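Student: test case, fold it:
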Amino acid sequence: MTKYKQMLSTITDDATLTMELVEKEMPKPGADEIVVRVDATPINPSDHGVMFGAADVSASETKDGKLTAPIPKQAMGRMKGRLGQALPVGNEGAGEVVAAGESDYAQSLLGKTVAVMGGGMYAQYRCLKAAMALPLNPGNTAKQGASSFVNPLTALSMVETMRMEEHSALVHTAAASNLGQMLNRICKADGVDVVNIVRREEQAQMLKDMGAKYVVNSSSDSFMKDLTDAVDETGATLAFDATGGGTLASDILTAMEMAAARTPGAYSIYGSIHHKQVYLYGSLDMSVTTLTRGYGMAWGVGGWLLPNFLAKAGKEVGARLRKRVADELTTTFASHYSHEISLEEALQSDVVKSYNAKKTGEKYLILPQK
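Tutor: Model (predicted):
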């Protein structure tokens, strides 16, 4: 094979998004590089930003293998920095190393199944630095290793953040997701309390069935009381919010403040003195983030991104977390997929609308060789 297919996303100045498969020449690895045959690559919510930008996916259509979608005029200002650029998409994946440069480490990976995270993974082949590959343990498959980075390292890094910032327990939203299930397994193994916020009772039951102790339903009439009770029992003062918009971050801070106020003699006009922190790490809700500020003066809301955390934590921490992922790939970090599709199917408008909905329990896996 001299050529391979790769998915690209382009936004043009006529306010149109185009996603398509293009043919590329097979790459030749440099001395410290490898070529991976991509056998499996997941569609994560974090991929959607590069894939779709600010396009109205509900109005998308597919013709001659190309997906197009309009971009609202008021959103074009945010897209100015990428106009005319054909961007490769797909954060992570796994497959067999089919070519390697002459360096000892690159050669040692030849023929092995590895997980990689380096962008451009929605392709049949990917050339990248050998140091970016995570060799899977013998017997583990590309499908099992396809989601080795984004969700596992995010869940592990949330617990690392908790320890680094001297908190003792966590609150997590959209907790029935693949990532949320991993976080529960990590916290159970590490003896860390986590308060899980879900939107439906069946999600709550699923988490309870897998051993989660604290689960609250945001659609319940008793949500704030249930959340405050759970925060009070766990002492959680740190939260990671996958929704981003609406009042949920503010509700969590309010519950933390109400829990702190239950301590006798704790009242102050400035609120509790212990810092309460909510990190927004996703955008499942694209509406405005609303803060009521009814929780004193010791609080913070900020953004949290995995690459930024890993850069701050350092190589030693990163290596330790990656090793744990490889060792617990089929247990703690097992991923479950509801759909397996080809690269071509990933551009069909009806399929795109389905995975863009980001429904809990639905996760798509692309098989580029299909």
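Student: show me where the stretch 251-370 of the chain has strands.
Tutor: Counting by DSSP state E, counting those that start in this stretch, the segments of the stretch 251-370 of the chain that form strands are 276-280, 285-289, 299-303, 339-341, 364-366.
Student: how about the helices in the stretch 151-300 of the chain?
Tutor: Secondary structure of the stretch 151-300 of the chain (DSSP state H, counting those that start in this stretch): helices at 178-190, 201-209, 223-234, 248-260.
Student: how's this protein carved up into domains?
Tutor: Domain segmentation of the chain under automatic domain parsing yields 3-147+335-366, 150-309.
Student: which one of those lies nearest to residue 323?
Tutor: domain 3-147+335-366 (8.9 Å; Cβ to Cβ). All C-beta atoms are positioned from the backbone trio N, CA, C, and that covers glycine.
Student: now do that closest one, average pLDDT.
Tutor: Along domain 3-147+335-366, the predicted confidence averages to a pLDDT of 95.
Student: if we can go back for a sec, rank the strands of the stretch 251-370 of the chain by mean pLDDT and give me the bottom one.
Tutor: Across the strands of the stretch 251-370 of the chain, strand 285-289 has the smallest mean pLDDT, namely a mean of 91.
Student: check the offset of that strand from the chain's centre.
Tutor: Its chain's C-alpha centre and that of strand 285-289 lie 18 Å apart, by Cα atoms, centre = their mean, to the nearest Å.
Student: list the buried ones in it?
Tutor: Buried residues in strand 285-289, counting neighbours by 16 or more other Cβ atoms under 10 Å, are found at 285, 289.
Student: what does it rub up against?
Tutor: The contact list for strand 285-289 (Cβ atoms under 8 Å, 6 or more residues apart in numbering) reads 243-246, 248-249, 280, 301.
Student: are any of these buried, and which?
Tutor: Judged by neighbour count, with buriedness set by 16+ other Cβ under 10 Å, the buried members of these are 243-246, 248-249, 280, 301.
Student: before we move on, back to that, adding distance to residue 318, write the domains of the chain out as TSV.
Tutor: As requested, the domains of the chain are arranged in TSV below (distance: least, Cβ to Cβ, whole Å):
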stretch	distance to residue 318
domain 3-147+335-366	11
domain 150-309	8
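Student: hang on, the earlier thing: out of the helices of the stretch 151-300 of the chain, which is closest to residue 348?
Tutor: Comparing those by their distance to residue 348 (Cβ to Cβ), the top pick is helix 178-190, with 23.1 Å.
Student: would you agree residue 136 is in contact with residue 94?
Tutor: Yes. The pair residue 136 and residue 94 qualifies as a contact (Cβ atoms under 8 Å) at a distance of 7.0 Å.
Student: between these two, who's got more neighbours?
Tutor: residue 94 (30 against 20; other Cβ atoms under 10 Å).
Student: give me phi/psi at that one?
Tutor: phi -150, psi 160 (degrees, to the nearest 10).
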